[in-house]
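Undergrad: Compute the structure for the input listed below.
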Amino acid sequence: METLLFLFPQFSYMAPKEEAYFKMLGPDDSQAPKMKDDNSRQKDNRKSRLSLFLAKSGSHENVSAHKRIPSNISPEAALRWSNSFEELLKHSDGVEAFSRFLKSEFSEENIEFWLACEEYKTFDSDTKLLSKAKYIYTVFIESDAPKEVNIDHDTKSTIQKNIAQPTRSCFDAAQMNIYILMKKDSFPRFLNSDLYLHLTRSKGPGANMFRRRSRSCVFSERGEATT
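TA: Numbers count the residues shown, from 1 in each chain. Next up is the predicted model:
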């Protein structure tokens, strides 16, 4: 964190991601060479800096299945997620737990892209649509994007053609492809993961009572247990 802030002290990570993202794509007067014939190098530099920025929130360092999962999730609520993938996506805790699982598999870009598309469809301003569309395309769609999702060439080409004047349905096909991928591939593994089993494990008073009783047992030299 300290190293990242040292490299880019002008960025405030408390600001929205889009705002920091567009600042990052702007010119760097102190370091970037002002050469008209060096567009390709500047493009690579922008992608590298954007990747470093996105790595802040997507780092896999010390990823643990049980870390940072809300502790107030009841086993009953978690068990309901197994009814369907749609049921899981209806609950913010379910999305958070599933995101943590995908991060442990290094594929969290799928749920992040899906969520970005859901937010994108709520905008009613052409200016906001264009700004968000460019962000989604640069981060998730274009070749060698920092969090490029796995979609077919035709879908990617269609988005590339429509990105100049995007509509609310601009990313629908890509979003559906990623949705099906998560539902058929990642969701079954999530239900069998240690993370999900940890959430559905009973935390009732019976377990605590058993632990208290077990501590009160003392074994004699003959191996006989006494209370």
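Undergrad: burial of Lys184, as a residue count?
TA: Other residues lying near Lys184 total 10 when counted by other Cβ atoms under 10 Å. In short, each C-beta sits where N, CA and C put it, glycine included.
Undergrad: quick check, it in a strand?
TA: No - per DSSP: H, G, I helix; E, B strand; the rest coil, Lys184 lies outside any strand segment and is helix.
Undergrad: Report pLDDT for it.
TA: For Lys184, the pLDDT comes out at 97.
Undergrad: got it, and Arg201?
TA: Arg201 is assigned a predicted lDDT (pLDDT) of 88.
Undergrad: What residue, apart from its backbone neighbours, is nearest it spatially?
TA: Among residues not flanking Arg201 along the chain, Pro75 sits closest, at 6.5 Å (Cβ to Cβ, 6 or more residues apart in numbering).
Undergrad: Quick check: the one you found vs Trp81, distance?
TA: 11 Å (Cβ to Cβ, to the nearest Å).
Undergrad: Repeat that for Lys147.
TA: If you measure Lys147 against Trp81 using Cβ to Cβ, the figure is 25 Å.
Undergrad: cool, Asn162 as well?
TA: In this view, Asn162 and Trp81 are 34 Å apart by Cβ to Cβ.
Undergrad: Looking at the two, which has the bigger crowd around it?
TA: Remark: of Asn162 and Trp81, Trp81 carries more neighbours, 26 against 15, as counted by other Cβ under 10 Å.
Undergrad: lowest average confidence, helix or strand, in this structure?
TA: Using mean pLDDT, DSSP states H and E, the weakest-scoring helix or strand in the chain turns out to be helix 205-215, at a mean of 38.
Undergrad: so Ala173 is in which element?
TA: Ala173 belongs to helix 172-181 when elements are defined using DSSP states H and E.
Undergrad: C-terminal to that helix, what's the next element?
TA: Counting by DSSP H and E, the element after helix 172-181 in chain order, helix or strand, is helix 187-191.
Undergrad: Which of the residues in that following helix are classified as buried?
TA: Buried residues in helix 187-191, counted by 16 or more other Cβ atoms under 10 Å: 187, 190.
Undergrad: who's in contact with it?
TA: 82, 85, 88, 97-98, 101, 105, 196 (Cβ atoms under 8 Å, 6 or more residues apart in numbering).
Undergrad: name the helices or strands packed onto the host helix or strand of Glu76?
TA: If you go by DSSP H and E, Glu76 is part of helix 75-80. Judged by 3 or more Cβ pairs under 8 Å, 6 or more residues apart in numbering; DSSP states H and E, the packing partners of helix 75-80 are helix 92-104, helix 194-200.
Undergrad: Can you tell me which of those helices is nearest to Met176?
TA: Shortest separation from Met176 across these is recorded for helix 92-104, at 17.6 Å, computed as Cβ to Cβ.
Undergrad: avg pLDDT for the closest one?
TA: If you average the pLDDT over helix 92-104, you get 96.
Undergrad: Then stretch 111-119?
TA: Mean per-residue pLDDT for stretch 111-119: 97.
Undergrad: Give me the buried positions along it.
TA: Buried residues in stretch 111-119, defined by neighbour count with 16+ other Cβ under 10 Å: 111-114, 116-117.
Undergrad: Cool, thanks, signing off.
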